[in-house]
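Undergrad: Predicted model and sequence follow; I will ask about them next.
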Amino acid sequence: MYLRAIIVKNKSKYRAFFSFLLLFFLTFSGLWASGGEHDSHSEEFDFSEVMAHHLGDAPIFPLNFGGEKVFEGQPGFDSVEHDVFADHDGKLYHYVGGFDMHITKRVTMMWIASFFLFIVFIPAANLISRNPNKVYNKFTSGVEAFVSYLKENVVDSSLEHHGHSYYHYIFSLFFFILFCNLFGLVPSVGELTVAGSDFLVSLGVYEHTPHSLHTFGQIWSGITPTGDIGVTLSLASLTLLIIYGTAFSYQGISFVAHAVPKGVPLPLWPLMWALEFIVTHIARSFALTMRLLANMTAGHVMILALLGFIFMSQSYFIAPVSVLSSVLIYFLELLVAFLQAFIFSLLTTVFIGTVMHRH
């Protein structure tokens, strides 16, 4: 029995290890495809093109307010300066003027992350609310463990007995960032679906890959939403608004004067006021923005660079080293995804706590 237990335990370890390997290779399957494509055409491997494909954002669906459509062949059509789309008949066009709010790959990935947040937490909340003292299954227990840890070690420890009003925001912030981070590390379902369809086309099962599948491939592109400064800046700006809102809510209008610590000499008061009331909070938000952006971008760049060595060197001796190094960094990236969501939420809570009372 003891030997059997050891065998079962080892099988579980191997299964988890190979699952991680499969997850890794499927996640970066697009790089293998792009590298193989370049080989088949005897072209030089273009690393910048691969980086742009995996890390760069691109519009998918047009959304413009107040602009005018200009079709290909009409005066003013410029495919270099504008985002070009195709209508139902395949005619190319772009917008001139107005306000562009095009739906990009990162926007659709945030929609997907939000959708999975709903299907994970709404059923869990419904089950837990029926009887909070009952343990239903591992799923609800896991959700409760995450939420309880955040409540006790992040919000309550930083805001003491004032944390109840901020539970919803901090919990939502943590899980949204976490899901966005993780969805950049799981295989791109859209691109895998298109690749599978193209494979069936090559076998003669289908005549061509449907246009809807190509659209789905763009929607679920696997790009990391938190690897864009627009996303991290928006989250940090929301935190900045809550910091100022909390300060005025707890200290009232006197927060404007109380921003400067006591004992500051009068000649230095204007300078300290500008630093404490404006610069400090903006700098904190900027730090939140850049920390999350840099950490969620750097890991992907390192993995792509290591895998790119295989196609750039064209050597069989480089491949094992590159793949092993990339797998190790990929495991580290999974940890970073949790860590950065935790740090962003923790610092947000700490910054809110610092403005609740006068220095």
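TA: On my side now, so go ahead. Residues are numbered from 1 along each chain as shown.
Undergrad: For the helix or strand containing Leu307, buried residues please.
TA: Using DSSP states H and E, the secondary-structure element containing Leu307 is helix 280-313. Within helix 280-313, the residues that qualify as buried are 280-281, 284-285, 288-289, 291-293, 295-297, 299-300, 302-312, counting by 16 or more other Cβ atoms under 10 Å. Heads up, the C-betas are built off the backbone N, CA and C, glycines and all.
Undergrad: The helix or strand just after it versus helix 280-313: what angle between them?
TA: From helix 280-313 onward toward the C-terminus, using DSSP H and E, the following helix or strand is helix 318-354. Between helix 318-354 and helix 280-313, the angle comes out at 170 degrees (axes from the mean of the first three to the mean of the last three Cα atoms, to 10 degrees).
Undergrad: The chain should start at 14 in everything you say after this.
TA: Let's use 14 as the start, then, which means that last one is helix 331-367.
Undergrad: Show me what helix 331-367 packs onto, helices and strands only.
TA: In terms of contacts (3 or more Cβ pairs under 8 Å, 6 or more residues apart in numbering; DSSP states H and E), helix 331-367 is packed against helix 15-40, helix 170-172, helix 180-196, helix 242-264, helix 293-326.
Undergrad: any idea which of those helices scores lowest on pLDDT?
TA: Here the helices and strands packed on helix 331-367 differ in mean pLDDT, and the lowest is helix 15-40 at a mean of 56.
Undergrad: rewinding a little: quick one: closest of the helices and strands packed on helix 331-367 to Ser92.
TA: With Cβ to Cβ as the criterion, Ser92 lies closest to helix 242-264 of these, at 23.5 Å.
Undergrad: any residues touching the closest one, and which ones?
TA: 119, 123, 175, 179, 182, 186, 190, 193, 238-239, 268, 271, 294-295, 297-299, 301-303, 305-306, 357, 361, 364-365, 368-371 (Cβ atoms under 8 Å, 6 or more residues apart in numbering).
Undergrad: In it, which residues are buried?
TA: Val244, Thr245, Leu246, Leu248, Ala249, Thr252, Leu253, Ile255, Ile256, Thr259, Ala260, Gln264.
Undergrad: what do you get for stretch 158-177?
TA: Those would be Phe159, Val160, Leu163, Lys164, Val167, Val168, Asp169, Ser171, Leu172, His175, Gly176, for stretch 158-177 by 16+ other Cβ under 10 Å.
Undergrad: circling back: CSV please, covering the helices and strands packed on helix 331-367 and showing distance to Met64.
TA: Shown next, in CSV, are the helices and strands packed on helix 331-367 (distance: least, Cβ to Cβ, whole Å):
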stretch, distance to Met64
helix 15-40, 15
helix 170-172, 38
helix 180-196, 19
helix 242-264, 16
helix 293-326, 6
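Undergrad: out of those, which comes closest to Asp59?
TA: Judging the helices and strands packed on helix 331-367 by Cβ to Cβ, what sits closest to Asp59 is helix 293-326, at 9.5 Å.
Undergrad: State whether Val148 is indeed within a strand.
TA: No - using DSSP: H, G, I helix; E, B strand; the rest coil, the assignment for Val148 is coil, not a strand.
Undergrad: Pull up the gap between the residue lying closest to Met122 once chain neighbours are set aside and Lys118, please.
TA: Leaving aside its sequence neighbours, Met122 sits nearest to Pro238 (Cβ to Cβ, 6 or more residues apart in numbering; 4.8 Å). Counting by Cβ to Cβ, to the nearest Å, the separation of Pro238 from Lys118 is 9 Å.
Undergrad: Neighbour count for those two, which is higher?
TA: Higher neighbour count among Pro238 and Lys118: Pro238, with 28 against 21, using other Cβ atoms under 10 Å.
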